[in-house]
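Novice: fold the following for me, if possible:
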Amino acid sequence: MGVALTRAAQWTTASSGTGKLEITPVNESLLKEILEFVEQFSSRHPQEAKHVFKEPLQWTTSLEASDFKTEYDISGPTVKSQETDRDGHPMLQLTPPSISVHSFSQLSKIVQLATDKKLKEVRACLEANRDPVAKMLGPSFATVEGEDSSVLRLLEEVKEGDQAKETEIKVKLIILLQQLDTQLLSSSLKQISQWVPFLPPPHSVYYEFTNGCRTPPWRQVHGEICYLVIKPCDTQPLHITCSTAGVFLNGGIRQEGEENAYDRTSDVYRDLVTLLKSKSPHFAENINKQVGFHVKQVAGFLRVIFALPITPRSTDDKKSKKNAVSEKFAEAQEKMQKKADVSVSSLPGRHKTPGGVGGADDFSESSSESEEDEEQPERRTESNTDLPSEYWQIQKLVKYLKGGNQTATVIALCSMRDFNLAQETCQLAIRDVGGLEVLINLLDTEEIKCKIGSLKILKEISRNSQIRRAIADLGGLQTMVKILDSPDKDLKYLAAETIANVAKFRRARRTVRQHGGIKRLVKLLDCVPDSAALTEEQEKDVEVARCGALALWSCSKSTRNKEAIRKAGGIPLLARLLKSPHENMLIPVVGTLQECASERSYRIAIQMEGMIEDLVKNLNCDNHELQMHCASAIFKCAEDKRTRDLVRQCEGLQPLVTLLSQADNKQLLAATTGAIWKCSISMENVAKFQDYKALETLVGLLTDQPEEVLVNVVGALGEGAQKPANRATIRKCGGIQPLVNLLTGTNQALLVNVTKAVGACATELENMTIIDRLDGVRLLWSLLKNPNPDVQASAAWAICPCIENAKDSGEMVRSFVGGLELIVNLLKSTNKEVLASVCAAIAKIAKDEENLAVITDHGVVPMLAKLTNTTDDKLRRHLAEAIARCCMWGSNRVLFGEAGAVAPLVRYLKSKDTSVHQATAQALFQLSKDPNNCITMHDNGVVKLLLGMMGSTDEVLQEAAAGCVANIRRLALANEKARYG
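Specialist: Okay, the predicted model is just below:
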């Protein structure tokens, strides 16, 4: 446990030296595993559980005397266990808020008594006892770096001492704790390996772990992926750590063993370019001139000296290991300097790429999916001795292809197909000896058999990313696009399927479009019969259309290609193919549709062509891949209300709920939950989901799911929680706690959805009590620091019902150190949604007089006044509410008048939104209690506007309008009386 807490756990740094465990997924996982170990310890190891610790574990607890049952002596707030050690001292003693525990048996009982506060107790215990093993077994067993000889020391005690039984228990205990350490480190490393969000840098290093990381395992548990040293031309070399949290400067790592050098010495940046822009003015100036830049263009403004080589730990002596690392380090530095020392002036602004147009056009093709190995570094075989015999046999066949006649060529092609072309060695053998050039040249011949044989081989080997790029570089795509016009159906479907394989990256997709490939591929769709029973010729027609749809599916990942497909008349043909009874046809058709559904023009077309009904019908098939693509298409299309209504009318909601049972298929689950989320935006659909018990199933999916599923599940719960009955369902199914736990995540889309869901649940008092107990409001408040404006806005909206329904909301808000200053400073944001949500929160906060005084001191009045010239009705409404509330402290209403807030507020009364009228009238009523404000209002024509609102059916608006007019009238009468007596 000690090693895991030292190496795997993530601690905050504190000036006092006592850090806290950070709220991170790694720490949460560690705490849960330690909790499970402690809970089961007494039942699994009863003898070891009774072992008395050398020193008690002490910490500040949230438990009270009332939490303890039998087996304890309770005297007022003090609690002592009836179980004692040999000297008669209690094994547990509680003197609030401090607790002292002497054995594992008492630790097990504490976590059982803590119920829903278990994790909180474990966290507090570990924070107060950074090395618990030393306290359990004595200082000689403290956690230290290097070789662990604790078991050897225990064996010495067995030899020297006479308390053999007690020592045997200690041996078992240390072994159990070491096993726990190994388990914790292993699970932490596994979790880190799943987070790696991008490929390691393309610079050669000496060792790469199977998870893609190039850092030592004891640094991988901190989320570190690799280390770089970059030398900009205008500043000192930058020593950079790339981690799952972002990139940052380190202390200058030179080789392994320098632990202090791993420490962060700068802010964390989201990516390498952002860091370089902040550290190198020259880089920032030049990179900002690029309309669209590629990662490789970074080399034009700096020199990447080396990526730090990491070698596995060996059993050699330390001296030879250190020398070896130093030699490799020096060698790597020398090599990388030679490769990357590029003059800024010598690099052009645009780079030509083989087989097509280069430069900024490469990056104008937006993609709805992450680009697959766009510029993947080429892997070369290290040694010829490791190559299998197939490699050399294939190379001989390629020579026959180059020099043989037609018959020899056909025989060589047939022989080549007998090899396992799915094997990378065989694929690269064809490329390395120049076979790709020959195969592509064969496509220009007049011999049909040679063309078919060549395409069959190209179709298989083009699944390899390196082969794909090579085909594109050699102009193979242009030739295959021409073949699509061939009258031979075998040639057409083979060419289309090969295009589908090659068009996995931007340049290839652009080449297909620029050479007329999209129109030709769309034309292939117009040849399929609808009947299930087919002749041999019709089966070929189906295969041609299927391969055409496959190629369009690959090409449709680019925005311009989506538009080209639409203009070529692809939508009605896809709609017709969607009614096909052939499943192998439906998968690429639906795949293309769901890819294109990100464009509004396609979503409208899918509605108009009646495709929603077909998508719903295919949700009931047995093919999981087809179901997944149909659900994904509905997910994207359901952004529009008409589509949501169509899904309900076509009875598509129940099949979606049924698919939630396929929890093992994560891709299908992600698509299904996404469709349910978007369909839940309509309250009529929420009522249906209520009938189908969908919320109960969704709550069960809040744990142990990938983030792409969680985003959708939480989004669906957030929409469903708009109905009171569903809020109660979420609570009864135990959904509040996992929702609050998700507030500690880092996924921005997930945070937006979970804050909305928690805010919706907080509108009920019972739910709010649970959220408050789980520290949910503090977590929401901490999200106001998130740099993403969507997260800030969603968190601020969620805080509003929390403040409104908390028992002592004023005291709760004041308990957040710096919380009020933080929310006031958000009024400087340029995002209107953030401003509206923050104004709404300030209106709630200002109901408490003390909090109103604090935010006034933080300058809330001039900040609110500065926003009054807005034309956004949503912001106007909540801004007016905030001003109305803030007027109730000191001279704030006078300050609003001096800051010029009154005249713009009068204009709000001309808005078409009645909710703006109510909030504005209330603000004007409060401001009218100052004479100067009354004059300003009168000068801006407020009386005429308010007189019309005094007859409103809205009583709040009616009363506020009347009160404001009354105040203006009183001032006028007082003025007349003073003037005329």
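Novice: look up the closest residue to the residue positioned nearest the centre of the chain, ignoring the ones flanking it.
Specialist: Nearest to the mean C-alpha position of the chain, counting by Cα atoms, centre = their mean, stands residue 747 at 3.0 Å. Leaving aside its chain neighbours, residue 747 sits nearest to residue 707 (4.8 Å; criterion: Cβ to Cβ, 6 or more residues apart in numbering). For every residue, glycine as well, the C-beta is placed using N, CA and C.
Novice: gap between the one you found and residue 754?
Specialist: Per Cβ to Cβ, to the nearest Å, residue 707 is found 11 Å from residue 754.
Novice: show me what contacts residue 913?
Specialist: 873, 876, 877 (Cβ atoms under 8 Å, 6 or more residues apart in numbering).
Novice: derive a ChimeraX selection command for the buried subset of the residues you listed.
Specialist: Here is the ChimeraX command that selects the buried residues among those (16 or more other Cβ atoms under 10 Å):
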select :876,877
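Novice: rewinding a little: identify the contacts common to residue 707 and residue 754.
Specialist: residue 745.
Novice: related to what we said a few turns ago, got a pLDDT number for the residue nearest to residue 747?
Specialist: Residue 707 is assigned 91 on the pLDDT scale.
Novice: phi and psi next, for it.
Specialist: phi -60, psi -40 (degrees, to the nearest 10).
Novice: biggest helix in the protein by residues?
Specialist: The longest helix of the chain (DSSP state H) is helix 164-195.
Novice: other SSEs contacting it?
Specialist: helix 2-7, helix 25-44, helix 46-49, helix 132-137, helix 150-160, helix 217-220 (3 or more Cβ pairs under 8 Å, 6 or more residues apart in numbering; DSSP states H and E).
Novice: hmm, 6 Å instead?
Specialist: helix 2-7, helix 25-44, helix 46-49, helix 150-160, helix 217-220 (3 or more Cβ pairs under 6 Å, 6 or more residues apart in numbering; DSSP states H and E).
Novice: may I see the buried residues of stretch 401-417?
Specialist: Buried-residue list, stretch 401-417, by 16+ other Cβ under 10 Å: 401, 409, 410, 412, 413, 416.
Novice: ok, residue 707 and residue 754, which is more surrounded?
Specialist: residue 754 (34 against 15; other Cβ atoms under 10 Å).
Novice: ok so, going back, narrow the buried residues of stretch 401-417 to those in strands?
Specialist: When the buried residues of stretch 401-417 are checked against strands (DSSP state E), there are no matches.
Novice: one step back: what about the residue nearest to the centre of the chain, distance to residue 25?
Specialist: 10 Å.
Novice: likewise for residue 481?
Specialist: 47 Å.
Novice: look at those two and report which has more neighbours.
Specialist: residue 481 (24 against 17).
Novice: which strands or helices does whichever strand or helix holds that one pack on?
Specialist: Under the criterion of DSSP states H and E, residue 481 resides in helix 476-483. Secondary-structure packing of helix 476-483 (3+ Cβ pairs under 6 Å, 6+ apart): helix 489-502.
Novice: need the contact partners of the helix or strand following the helix it packs on.
Specialist: Where DSSP H and E defines the elements, the next helix or strand beyond helix 489-502 is helix 506-514. Here helix 506-514 makes contact (Cβ atoms under 6 Å, 6 or more residues apart in numbering) with 356, 365, 472, 477, 502, 503, 555, 558, 561, 564.
Novice: kindly report the same for stretch 387-401.
Specialist: 408, 409, 412, 415, 416, 419, 425, 426, 429, 433, 435, 438.
Novice: and the angle from the helix or strand hosting residue 454 to helix 476-483?
Specialist: Take DSSP H and E as the rule and residue 454 turns out to sit in helix 448-461. Per axes from the mean of the first three to the mean of the last three Cα atoms, to 10 degrees, the angle that helix 448-461 makes with helix 476-483 is 130 degrees.
Novice: show me what counts as buried in helix 448-461.
Specialist: So for helix 448-461, counting by 16+ other Cβ under 10 Å, buried means 450, 451, 452, 453, 454, 455, 456, 457, 458, 459, 460, 461.
Novice: same question, stretch 784-794
Specialist: Buried residues in stretch 784-794 (16+ other Cβ under 10 Å): 784, 786, 789, 790, 791, 792, 793, 794.
Novice: how long is that stretch end to end?
Specialist: 9 Å (Cα to Cα, to the nearest Å).
Novice: and the least confident of the contacts of helix 506-514?
Specialist: For these, the pLDDT minimum is residue 356, 38.
Novice: which strand is the longest one in the chain?
Specialist: The chain, longest strand under DSSP E: strand 224-232.
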